[in-house]
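K.L.:
Sequence isn't available, so here's the structure alone:
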């Protein structure tokens, strides 16, 4: 896995996360809009964030979008093992105040580039809540297709919500 990826995109940087980013990532994950698109519970602690950032392995990566020292986006990729080593799962989120500014596209572009050119990943997969139209549009832009619907996938904000299973296949 390439270390310390740093790319400039429209005024912000895309780079690997660092231990000292925990507070910025915690603040990002605590935003109502960001959290609404994830499985995270409210009130994530700094310790939980530090532990999550520390889970990076040679088959995973955590990327951040950073603007003037502020974390404005986060993305991750984790390659599966064994007979699923050709596949990886990914997740992505953007700061509530920076939606529609190319942050998600820049993070996704970097993840897809690493998956294709460095890891030879043939299948990228993700789940996304069915009411997250902006994320679904982004994923389709990068070649993801809907493979199915998970009914009552998660309990969010007092009710069960559905999610789409999406994947991008390359060379299969």
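P.N.:
Done, it's in. If you're wondering where the values come from, they're calculated on a predicted model, not measured in any experiment.
K.L.:
separation between residue 93 and residue 28?
P.N.:
From residue 93 across to residue 28, the span is 7 Å (C-beta to C-beta, to the nearest Å). For glycine as for every other residue, the C-beta is placed from the backbone atoms N, C-alpha and C.
K.L.:
and residue 50, that one's in a strand?
P.N.:
No - counting by DSSP: H, G, I helix; E, B strand; the rest coil, residue 50 is not found in a strand; it is helix.
K.L.:
ok, it - contacts?
P.N.:
Neighbouring residues of residue 50 by C-beta atoms under 8 Å, 6 or more residues apart in numbering: 19, 22.
K.L.:
The helix ranked longest in the chain: which residues count as buried?
P.N.:
Ranked by number of residues, the top helix in the chain under DSSP state H is helix 103-117. By 16 or more other C-beta atoms under 10 Å, the buried positions in helix 103-117 come out as 103, 104, 105, 106, 107, 108, 109, 110, 111, 112, 114, 115.
K.L.:
can you check stretch 145-165 too?
P.N.:
Buried residues in stretch 145-165 (16+ other C-beta under 10 Å): 153, 156, 161, 163, 164.
K.L.:
Which parts of this protein are helices?
P.N.:
Listed in chain order, the helices of the chain (DSSP H) span 22-29, 32-36, 46-53, 103-117, 133-141.
K.L.:
and the angle from the longest one to helix 133-141?
P.N.:
Helix 103-117 and helix 133-141 meet at an angle of 30 degrees, taking axes from the mean of the first three to the mean of the last three C-alpha atoms, to 10 degrees as the criterion.
K.L.:
what is in contact with residue 93 and residue 28 at once?
P.N.:
Residues touching both residue 93 and residue 28 (C-beta under 8 Å, 6+ apart) are 34, 73, 74.
K.L.:
Against residue 114, how distant is the first one?
P.N.:
Separation of residue 34 from residue 114 (C-beta to C-beta): 23 Å.
K.L.:
Least reliable of the helices of the chain by average pLDDT, please.
P.N.:
Note on those: lowest mean pLDDT is at helix 46-53, with a mean of 86.
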